[in-house]
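Peer 1: here you go, sequence then predicted model.
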Amino acid sequence: MISKPILVLLAFLASLVAFGIRVYPRFSHMMMGQKADCFGNWLERIKALLVYFAGQARLFRFKDTGTAHFFIFWGFLLLFPTILQGILEGLFPEFVLPVLGTFGPILLFQDLIAVAVIVGVLYGLYYRLVVKPERYKKSHQFEGSLVLVFIFTIMFSLLCTNGLMQNLGEAPPSAMAGWRPVSAMCGSLFEGMSEHAQHTLKELFYWIHLGVVLVFLPLLPAGKHFHVITSLPAVFLRNLEPPGKLSPAQTFDGLPGVGKVENFTWRQMLDWYTCSECGRCQEVCPAYNSGAPLSPKLLMMDLRDHLYERGAALRRNGRTNNDVHNPLNKPLTGDVIADETLWACTTCYACDQECPLFVEHVQPIVDMRRFLLTQQRVGNELMSALNNLRRYGNSFGKSERQRALWTKGFNPKIKDIRKSPAQTLWFLGDYASYNPTLTEITQATARVFTKAGLDFGVLYDAERNAGNDVRRVGEDGLFELLRQKNKNALEKCEYEQVVTTDPHTYNTLKNEYELNGKATAVYHYTELLDKLIAAGQLPIKRKLGYTVTYHDPCYLGRYNNVYDPPRRVLKALGCQIVEMPRNRDRALCCGAGGGRIWMEEQNVTERPSENRIREAIGLTNVEYFVVACPKDVTMYCDAVKTTGNENTLQVKDLIELVEEALQDESATATTVSAPADSESTHS
């Protein structure tokens, strides 16, 4: 008969070999990917490990499941010495780890941690099997539940083994002295049995404990729980660039974008392995929740599955043939990932923001959009907008001479910063310049700047679309053209700072323009107003006393972390703010970003903008829905109309309230809300 030490050794080696056999192809597939620059800035990376890996900080954004996961994660790590003890005990009978296996307080801690893990596991099973949240839909549910059962079995068998050892007098002296109370309780279940029976049970629980651990190990690389292995390098090597700065387009066979899975970087592939299928990204995705064919979670799962499939085929022979079932004949875009899925994304960054392991979804979507554009697989409306941008520098298809029509008759005349230096260069953006329904808001902004004594000027017909959304639909060549034209104009002007009313423009000027020190800072107008109020330069004459709710624009909030300045401005105006349930970095996108404002409406159940208005309608006594983005004015005025809430809620740009507060108490309010408008106005 084979002795116990030999059985343990053989089982342990078999588990390690099986693990290695499963892991190797995963990483060999990943090494087919392109180079990635994800090193350097080591202090920031170590800090990220402490906060997001060890501290599990992002998990607590979903408090209940986050807490349960925290205890399971740390419990498993802290109880690893007990697993090591089990292996060494099997190899070397009567071996006991020094201190970790003998010191009373540590034994008590292990007992309590095991209980915490069991409670976390039971809650996890309840959440999966009873609550069944929408975000788990199409995840590998059986695998998730099986792993929880495994963890429960490991913990319970550990407590029972320790309890039986105490019954048999085989436990360390400190355990016998009462330092393992939970184990003792488990052992008490078997006290009425004979010594031989208890010894047999102890061996049975030992092999259950060790067996499940050794089966669990080679199962890890097979599915979503591979993140147990990959999450540490994924967090450590996460993208440290500003969220608003996209990686440049890579070129393959003379074409930009990703048309094959191996065109992605190895670091992006690591993200796919790291996706735990928790569905947090899916829950906050405006496209998914509107019924569009996009789930960020399923996108990651599909890319991972395709990498497994195609990687294995490339490793076997790397040759294509006429077999339609050959993975090498399966197109990445259009087959693995549908075109409609990629164009549904609003690039709002909610998915990336929510992922506890920093999996990136927006970047690979843009990479694949770049390829779709080279194949001209794009809707007519978007193509028309891109052609207008290429020809006229704006998506409306209007002459550059019409860009400053809103300044006609303005007194004092708006300074042309190309001819006269100014402290502040106001970069308006297309919607504030061309959309006739926004003219009054643009003029109100100019009046407020003037009353604040701000020395500002505009570029007049030299301004072009900044290119933020152009780049995010995948047209990097056009983005570079627009950026170069704008930079050429900017370099000829004298100014100290830049301000814009458009968060999309703000994001790209701040993160993607590299203004070479010409501007000391780039401000969104809410930031500038906040500074002017703090400095006493904005002559607020009366408190408005309105009850309002404020919508955080994606490219101002999630992308650039600007949340407090607009709220401070509203409070300075005497407004009471009632926050929507989804606010700040969880605010719902209006649906216009990522070029969606230039695309045809998909077959959706409810547009994101309509969903947001319904959320605001549910608040108590709110008079105004306050926005700080020209596109938001357009989108939400339309949504108020289509949801039938024109008489219930008014959409106001923040600048309208500021101008109203600058008037004398006796003055009649002259601010006018922008009328409802279609969200794809280009004429």
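Peer 2: Looks like it came in fine. Quantities reported herein were computed from a predicted structural model and do not represent experimental measurements. Numbers count the residues shown, from 1 in each chain.
Peer 1: what about K631, distance to I597?
Peer 2: Separation of K631 from I597 (Cβ to Cβ, to the nearest Å) stands at 6 Å. Where you see a C-beta, it was placed from the backbone N, CA and C, and this is true even at glycine.
Peer 1: what about these two, which has more around it?
Peer 2: K631 (27 against 24; other Cβ atoms under 10 Å).
Peer 1: low pLDDT regions in the chain?
Peer 2: 1, 318-324, 666-683 (pLDDT under 70).
Peer 1: domain parsing for it?
Peer 2: As assigned by automatic domain parsing, the chain contains the domains 4-31+62-222, 253-317+326-374, 382-661.
Peer 1: for V228, which of these is the nearest?
Peer 2: Closest of the domains of the chain to V228 is domain 4-31+62-222, at 5.6 Å (criterion: Cβ to Cβ).
Peer 1: gap between the two ends of that closest one?
Peer 2: The first residue of domain 4-31+62-222 is 29 Å away from its last residue (Cα to Cα, to the nearest Å).
Peer 1: list the buried residues in stretch 543-560.
Peer 2: 544, 546, 548-560 (16 or more other Cβ atoms under 10 Å).
Peer 1: of these, closest to T341?
Peer 2: Using Cβ to Cβ, the buried residues of stretch 543-560 come closest to T341 at C554, 19.5 Å.
Peer 1: surely that closest one touches P503?
Peer 2: Yes - assessed by Cβ atoms under 8 Å, C554 is found in contact with P503 at 7.3 Å.
Peer 1: now the residue of the chain positioned farthest from its centre. Its backbone dihedrals?
Peer 2: Distance from the C-alpha centroid of the chain, by Cα atoms, centre = their mean, peaks at S194 (57.7 Å). Here is the backbone geometry of S194 (degrees, to the nearest 10): phi -70, psi 160.
Peer 1: if I look at it, how far off is T200?
Peer 2: Applying Cβ to Cβ to S194 and T200 gives a distance of 9 Å.
Peer 1: do W343 as well
Peer 2: 64 Å.
Peer 1: and L357, by the same measure?
Peer 2: Following Cβ to Cβ, the distance that separates L357 from T200 is 43 Å.
Peer 1: now the end-to-end length of stretch 561-577.
Peer 2: 19 Å.
Peer 1: what's the offset of it from the middle of its chain?
Peer 2: 25 Å (Cα atoms, centre = their mean, to the nearest Å).
Peer 1: next one: stretch 362-382
Peer 2: Remark: stretch 362-382 is offset 21 Å from the chain centroid, using Cα atoms, centre = their mean.
Peer 1: give the buried residues for it.
Peer 2: Quick answer for stretch 362-382 (16+ other Cβ under 10 Å): 362-374, 378, 381-382.
Peer 1: those residues in helices, which ones?
Peer 2: Counting by DSSP state H, the buried residues of stretch 362-382 place 362-374, 381-382 in helices.
Peer 1: skipping its backbone neighbours, what lies nearest G259 in space?
Peer 2: Nearest residue to G259 in three dimensions, chain neighbours excluded: F371, at 4.4 Å (Cβ to Cβ, 6 or more residues apart in numbering).
Peer 1: so what's that neighbour up against?
Peer 2: For F371, the contact set (Cβ atoms under 8 Å, 6 or more residues apart in numbering) comprises 255-259, 333, 474.
Peer 1: same thing but at 10 Å, please
Peer 2: 249, 252, 255-260, 263, 332-334, 342, 377, 474 (Cβ atoms under 10 Å, 6 or more residues apart in numbering).
Peer 1: separate out the buried members of those.
Peer 2: Counted by 16+ other Cβ under 10 Å, the contacts of F371 give 249, 252, 256-260, 263, 332-334, 342, 474 as buried.
Peer 1: mind listing which of those residues are in strands?
Peer 2: 252, 256 (DSSP state E).
Peer 1: just send the buried ones among the contacts of F371 back as JSON lines, with distance to D461 too.
Peer 2: Formatted as JSON lines, the buried ones among the contacts of F371 follow (distance: Cβ to Cβ, whole Å):
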{"residue": "A249", "distance to D461": "29"}
{"residue": "F252", "distance to D461": "38"}
{"residue": "P256", "distance to D461": "30"}
{"residue": "G257", "distance to D461": "33"}
{"residue": "V258", "distance to D461": "37"}
{"residue": "G259", "distance to D461": "39"}
{"residue": "K260", "distance to D461": "43"}
{"residue": "N263", "distance to D461": "40"}
{"residue": "L332", "distance to D461": "42"}
{"residue": "T333", "distance to D461": "38"}
{"residue": "G334", "distance to D461": "41"}
{"residue": "L342", "distance to D461": "35"}
{"residue": "G474", "distance to D461": "28"}
